[in-house]
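Participant: okay, here's the prediction I keep looking at, along with the sequence it came from:
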Amino acid sequence: MEELKVIYEDDDVLALAKPAGIVVHHDATHMSGTVVDWLLANRPEIKEVGDPERPGIVHRLDKDTSGVLLVAKNQKTFLYIKNLFQTGGINKKYQTLVIGVMQNDDGIINEPIARSTKNFQKRVVGGGQGRSREAVTHYRVLERLPEYTLVEASPKTGRTHQIRSHLAHIGYPIACDKLYGGKRYLCPADLGRQFLHAHSLTFVAPSGKKLELVSPLPKDLEGALEVLRTAK
């Protein structure tokens, strides 16, 4: 397993920098090498917190999404942070590279999301299978590059694949995202995964202390940006 780095830790919370390629918890195809396995080996006291199959885990990141992952170290904190995520009490910021040069400097995508009827792994805006769920994403341009735009995305709701499906819906799919790129799929510098990184989480901890937990862009994403900047 690629190393999980501790960003912050106190008596209540643990924040990890998750590398791309690591699954958060066990599923049908990943029964070892997950974040949960690391937690049970390194913080065994978390075993009884929350869901037994994903102890301490209050949110998740896709396998190929890197960045800040927050873990609760006790049951009281688990319930507290879970409520923050559900009520919008945590400010989430992602950095992502999208295909195409955005004209607007910022915007809000307020479109419900449902599971695709054609691909069970995919989420679609409107229609889909079952009940559509409210989804809101704020975004702003950080940098414009040849054929791409570096964007900060702030999801105000926590739907599966929300940022990926929302940005694809407005015509700017994430670079190297095979699931949502469609005919516009592009990938700079042969990057081996989607360019999506959970950059920061800001919230008030159970102690009353305001925390801003940050994970800088990893080397593979920075390298892809440098290639594009050189091509300017």
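Facilitator: Nice, thanks for sending it over. The shown structure was predicted, so the numbers you read here are calculated from the model rather than taken from an experiment. Residues are numbered from 1 along each chain as shown.
Participant: would you map the strands across this structure?
Facilitator: With strands called from DSSP state E, the chain shows them at 5-9, 13-18, 66-72, 91-99, 106-110, 113-115, 123-125, 129-133, 136-145, 148-155, 196-204, 210-214.
Participant: ok, of these, where does mean pLDDT dip lowest?
Facilitator: Sorting the strands of the chain by mean pLDDT places strand 129-133 lowest, at a mean of 75.
Participant: reformat the strands of the chain as CSV; add distance to residue 48 and mean neighbour count.
Facilitator: For the C-beta atoms, the positions are set from N, CA and C on the backbone; glycine is no exception. Putting the strands of the chain into CSV (distance: least, CB to CB, whole Å; neighbours: other CB atoms under 10 Å) gives the following:
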stretch, distance to residue 48, mean neighbour count
strand 5-9, 18, 14
strand 13-18, 15, 22
strand 66-72, 11, 25
strand 91-99, 27, 23
strand 106-110, 39, 14
strand 113-115, 32, 20
strand 123-125, 32, 21
strand 129-133, 30, 13
strand 136-145, 34, 17
strand 148-155, 30, 20
strand 196-204, 23, 21
strand 210-214, 24, 15
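Participant: how does this protein divide into domains?
Facilitator: Structural domains assigned to the chain are 1-87, 90-232, following automatic domain parsing.
Participant: how far does the shortest one sit from the chain's center?
Facilitator: So that's domain 1-87. Here the centre of domain 1-87 is set off from its chain's centre by 13 Å, with CA atoms, centre = their mean, to the nearest Å.
Participant: stretch 137-144 now?
Facilitator: Using CA atoms, centre = their mean, the offset of stretch 137-144 from its chain centre is 15 Å.
Participant: ok, residues contacting that stretch?
Facilitator: Residues from elsewhere that reach stretch 137-144 (CB atoms under 8 Å, 6 or more residues apart in numbering): 95, 101-102, 104-109, 149-156, 162-163, 166-167, 225.
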